[in-house]
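Visitor: can you look at this prediction? I've put the sequence above it.
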Amino acid sequence: MKASRAGLVDGAIDSILDQIIEGTIADDEALPPEAELASLLDVSRPTMREAVRSLSDRGVLRVVHGRGTFVNPRDQWRDLPTVIRAMARTTPKRELGIQLTQVRRMIEVGACGLAALNRSEADVEEMRALLDRYDEANAAGDAEAATQIDIDFHTAILQASGNPFLATIMNPLSEALYASRYTASSLANVRERAQGHHRRIVERIAAGDSAGAKEAMRDHMTQTHDDIATL
């Protein structure tokens, strides 16, 4: 079956990104001329131009008229999913997990405080139901289910915060977060420690204790950091 135009563009984007991430094309290095690049990617020139335009919009490439198209250093990239893709390919798993936990701490501690102020009874009931499901997954030794429930639990807190930006900010991190959390959740003692923190967090949110909820989440993030660092 013939590939769609969108599929061809996505494939060309992936091919260019892979070469950049692998270092085949270095920072500030020019991409091959148009005709050569289209040939290398096995796509038409219009498809190649669309791929380059997309990567330029993300800050990965910069077009210098009269000179060519160049690769930007990674600190100039503007698209979070693209940055995450590169980091996941080039950063050791432990280091990436610690960096993601640092991001989570900055966002989720504040979100937990807001959730204590803004949560509904339905929000609290959902969190408690997720804790029950986590207990079941833990008892069954099901790390995959426990990981997904853990993600759902933290997402419920973001949603209970009442701030719609928070879940949207965290969403692009979901794939990388799943991989990091699955590694930790594969250990029963880690799951047990995490569940203890989860219960304290829900208690403080249910009580409307913003400061206590933030402290509980901060302690949980410290535990998560330490667990990942010692894996």
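Guide: Looks like it came in fine.

Visitor: which residue, other than its chain neighbours, is closest to A86?
Guide: Of all residues not flanking A86 in the chain, I21 sits nearest, at 4.9 Å (C-beta to C-beta, 6 or more residues apart in numbering). C-beta coordinates here come from the backbone N, C-alpha and C atoms, glycine included.

Visitor: do I have it right that that neighbour meets M87?
Guide: No - using C-beta atoms under 8 Å as the test, I21 is too far from M87 to be in contact (9.4 Å).

Visitor: quick check: the residue nearest to A86 vs S56, distance?
Guide: Distance, I21 to S56, by C-beta to C-beta, to the nearest Å: 17 Å.

Visitor: how about H225?
Guide: Distance, H225 to S56, by C-beta to C-beta: 36 Å.

Visitor: who has more neighbours, those two?
Guide: Counted by other C-beta atoms under 10 Å, H225 and S56 do not tie: H225 has more neighbours, with 17 against 14.

Visitor: what are the buried residues along the helix or strand F165 falls within?
Guide: Assigned by DSSP states H and E, F165 belongs to helix 164-170. Buried positions in helix 164-170, judged by neighbour count with 16 or more other C-beta atoms under 10 Å: 166-167, 170.

Visitor: of those, closest to L31?
Guide: Nearest to L31, judged by C-beta to C-beta, of the buried residues of helix 164-170 is M170 at 32.9 Å.

Visitor: contacting residues for that closest one?
Guide: Residues counted as contacts of M170 (C-beta atoms under 8 Å, 6 or more residues apart in numbering) are 104, 107, 155, 158, 177.

Visitor: okay, and the helix or strand of the protein with the least pLDDT?
Guide: The least trusted helix or strand in the chain, going by mean pLDDT, DSSP states H and E, turns out to be helix 174-185, with a mean of 84.

Visitor: so how far is that one off the chain centroid?
Guide: On the basis of C-alpha atoms, centre = their mean, to the nearest Å, helix 174-185 sits 9 Å off its chain's mean C-alpha point.

Visitor: i'd like the first residue to be 57 from this point on
Guide: I'll keep to 57 as the first residue from here, and by that count the last item is helix 230-241.

Visitor: keeping just the C-alphas, turn the helix or strand following that helix into PDB.
Guide: Counting by DSSP H and E, the next helix or strand C-terminal to helix 230-241 is helix 244-262. Provided in PDB are the C-alpha atoms of helix 244-262 (Å, rounded to 0.1, in the frame of the first residue of the first chain):
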ATOM      1  CA  ALA A 244       8.300  -5.000  45.500                       C
ATOM      2  CA  ASN A 245      10.100  -2.900  48.200                       C
ATOM      3  CA  VAL A 246      10.000   0.200  46.000                       C
ATOM      4  CA  ARG A 247       6.200  -0.300  45.400                       C
ATOM      5  CA  GLU A 248       5.600  -0.700  49.100                       C
ATOM      6  CA  ARG A 249       7.500   2.600  49.900                       C
ATOM      7  CA  ALA A 250       5.700   4.400  47.200                       C
ATOM      8  CA  GLN A 251       2.300   3.300  48.400                       C
ATOM      9  CA  GLY A 252       3.000   4.500  51.900                       C
ATOM     10  CA  HIS A 253       3.800   8.000  50.400                       C
ATOM     11  CA  HIS A 254       0.700   7.800  48.200                       C
ATOM     12  CA  ARG A 255      -1.500   7.200  51.300                       C
ATOM     13  CA  ARG A 256      -0.100  10.100  53.100                       C
ATOM     14  CA  ILE A 257      -0.500  12.400  50.100                       C
ATOM     15  CA  VAL A 258      -4.200  11.400  49.800                       C
ATOM     16  CA  GLU A 259      -4.800  12.000  53.500                       C
ATOM     17  CA  ARG A 260      -3.400  15.500  53.300                       C
ATOM     18  CA  ILE A 261      -5.300  16.300  50.100                       C
ATOM     19  CA  ALA A 262      -8.600  15.000  51.600                       C
END
